[in-house]
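Asks: sequence and predicted structure below; questions after.
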Amino acid sequence: MSAASLRARLRWLILGVIALVLLPLGVYSLRRTITEVSELSDGRLAQSARTLQTLIGNMGLPALQQHGAESGVVVPITAKAAQELVMHGHTYESEVGFQVFDRDGRPLLVTGNLTDLPPPKAGHAGFKNEQVGEYRWRLFTLPPTPDGVVVRAAERYDSRTDITKALWLEHALPPLIALPVLALLVGWAVRRGLKPLDALASLLSQRKPGSHETLQIDHAPRELEPVLAALNGQFAQLEEALERERRFSADVAHELRTPLASTMINLENAEASRDTQEADVALAGARESLAALARRVEQLLSLARLEASSRADQRVDIDLLAVARSVIEELSPLIADSDVELDVALAQGQLIVRGHEVALAALLRNLLENALRHVPSGGRVQLSIGPEADQAVIDVIDNGEGIPPERRAAVFARFHRESSSRGEGYGLGLSIVQRAAQLHDASIELLDSPYGRGLRVRVCVPLGRG
């Protein structure tokens, strides 16, 4: 089953709410009106009986008895249908009537439409329903007068039924006519109210991949402003991620081309050489190129992992000093072959920070590797880690060529290499350091070395709970 459109859902919900409110109110109003009409009719019937009783009292019982004897008892007020007054299709005279009895139950005055109705039982007074022929009557009997005269007025129920039908029609017809009209008007109102969504859908369908334009809708309703802000934020992040991936892919392709080409050349030279010694030299060069390629791929993967690193809520408590010892142990062969003196000054005990162990290890590893690469043989590198206020401070100091202040901001760019660097550097080290620092809300500074020359890299990481 296909999902209903938002317009249809709103239209039917609005109509349903209207019907849910109006229909019970209409039924309640109708019932109340019918009750009031019934009470009004009963009051009119009682008033007619009381009026007739008053007239009879003024006339006097002897005169009434004499008149009744002369007229043959029955007073045929509506005896002939041809003489009935007909208005609006109703014979109102035949729908009402009365009876007057003496104390012995003999009829004194009776309308022709009630001649078949027996006299009331002794002591009965008030309202009563009675079936007379094909009609049902509403009767009202007054208590006997001092002279024993009993007056009874009557009204046919079909006259009341006509009023009830008219009331039903009056209450039901307007909603029956109004609901379709309301459906059309509600549909128009919903379409007009949802025009901003149509405009948003149109903007999204026309938006080109890679576009940096923000979504804007003129006179956008307040409810749509957070949606637009969220979409623009998501588009900005997505475009940034795509641009980062495109740039990263292009950089990877560029950086891997050289070691691959060098490897191929060395292998071809080894195959073409007839001299075993030359072939061994070429194979050794190929191995070095492959090792450089492996190292470059490892750094690229490290950078990629840092780019897609874990969220802040996935950080754990880490002993920064233990991570530093592990990194120093890992780099011991490189340190031994570099002919550089490494001084290590680590604080006592533990130094707990909140973060990701892999990222912190990458930060320390690349700081040390960069320092060793920029220091000439016989140079000096110092690593110190300790607490300072509410931060763990990492200092990596060397006495190499250093970096002029005006070029220090540029060294964080990917694949940027200073001319003073030694060995096979790829310009990724400080990019990895910067990204790792960002993941830990840490600050990183490039300062002058206290040795008079060289560089001092300072990273301040907020302390954890430990």
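Replies: Looks like it came in fine.
Asks: hey, where'd the helices end up in the stretch 1-150 of the chain?
Replies: Taking DSSP state H, counting those that start in this stretch as the criterion, the stretch 1-150 of the chain carries its helices at 6-59, 61-70.
Asks: mean pLDDT lowest for which of these?
Replies: Across the helices of the stretch 1-150 of the chain, helix 61-70 has the smallest mean pLDDT, namely a mean of 57.
Asks: how about the residue most central in space within the chain: what's its closest non-neighbour residue?
Replies: Nearest to the geometric centre of the chain sits residue 227, at 10.0 Å (C-alpha atoms, centre = their mean). In space, and not counting its chain neighbours, residue 227 is closest to residue 200: 7.5 Å by C-beta to C-beta, 6 or more residues apart in numbering. C-beta here means a position set from N, CA and C on the backbone, and glycine is covered the same way.
Asks: and for residue 231?
Replies: Going by C-beta to C-beta, 6+ apart, residue 231 has residue 215 as its nearest residue, at 5.6 Å.
Asks: same question for residue 221.
Replies: residue 196 (5.8 Å).
Asks: any idea which helix or strand carries the one you found?
Replies: helix 195-206 (DSSP states H and E).
Asks: again, but for residue 364
Replies: Per DSSP H and E: helix 357-374 holds residue 364.
Asks: picking that back up, isn't the residue nearest to residue 227 right next to residue 218, touching?
Replies: No - at 11.7 Å, residue 200 and residue 218 do not qualify as touching, with contact defined as C-beta atoms under 8 Å.
Asks: okay, the two: which has more neighbours?
Replies: More crowded of residue 200 and residue 218, by other C-beta atoms under 10 Å: residue 200, with 18 against 6.
Asks: confidence score at that one?
Replies: pLDDT, residue 200: 79.
Asks: list the contacts for it?
Replies: 215, 217, 224, 227, 228 (C-beta atoms under 8 Å, 6 or more residues apart in numbering).
Asks: same check, this time on residue 105
Replies: 119, 122.
Asks: the chain: strands as residue ranges?
Replies: 86-87, 90-91, 96-101, 107-110, 126-132, 135-141, 150-156, 316-319, 341-346, 352-355, 380-388, 391-398, 443-448, 455-462 (DSSP state E).
Asks: columns distance to residue 362 on top of those strands, output as CSV?
Replies: Formatted as CSV, the strands of the chain follow (distance: least, C-beta to C-beta, whole Å):
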stretch, distance to residue 362
strand 86-87, 104
strand 90-91, 101
strand 96-101, 105
strand 107-110, 116
strand 126-132, 99
strand 135-141, 99
strand 150-156, 101
strand 316-319, 13
strand 341-346, 19
strand 352-355, 11
strand 380-388, 15
strand 391-398, 13
strand 443-448, 13
strand 455-462, 12
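Asks: out of those strands, nearest to residue 176?
Replies: Closest of the strands of the chain to residue 176 is strand 90-91, at 26.0 Å (criterion: C-beta to C-beta).
Asks: I'd like the average pLDDT over that closest one.
Replies: 50.
Asks: what's the domain layout of this structure?
Replies: 6-166, 209-308, 314-462 (automatic domain parsing).
Asks: nearest to residue 183, out of these?
Replies: Per C-beta to C-beta, nearest to residue 183 of these: domain 6-166, 5.8 Å.
Asks: now the terminal residues of that closest one, how far apart.
Replies: Its first and final residues considered, domain 6-166 spans 40 Å by C-alpha to C-alpha, to the nearest Å.
Asks: still on that earlier bit, could you dump the domains of the chain to JSON lines with distance to residue 181?
Replies: Output for the domains of the chain, formatted as JSON lines (distance: least, C-beta to C-beta, whole Å):
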{"stretch": "domain 6-166", "distance to residue 181": "11"}
{"stretch": "domain 209-308", "distance to residue 181": "26"}
{"stretch": "domain 314-462", "distance to residue 181": "59"}
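Asks: deepest of these, which one?
Replies: domain 314-462 (a mean of 18; mean count of other C-beta atoms under 10 Å).
Asks: tell me the mean pLDDT over that one?
Replies: 81.
Asks: for stretch 214-223, same thing?
Replies: 76.
Asks: give me the distance between the two termini of it.
Replies: Span of stretch 214-223 from end to end, C-alpha to C-alpha: 18 Å.
Asks: what does stretch 134-145 give?
Replies: 32 Å.
Asks: please shift the residue numbers so they start at 21 in all later answers.
Replies: With 21 as the first residue, the last one maps to stretch 154-165.
Asks: circling back: so what's the residue nearest to residue 241 up against?
Replies: 237, 240, 241, 244.
Asks: minimum distance to residue 349: which of the strands of the chain has it?
Replies: strand 361-366 (11.2 Å).
Asks: neighbouring strands - and their directions - for that closest one?
Replies: Its sheet considered, strand 361-366 pairs with strand 400-408 (parallel) by DSSP bridges.
Asks: would you map the helices across the stretch 171-320 of the chain?
Replies: According to DSSP H, counting those that start in this stretch, the helices that the stretch 171-320 of the chain contains are 177-213, 215-226, 245-292, 296-327.
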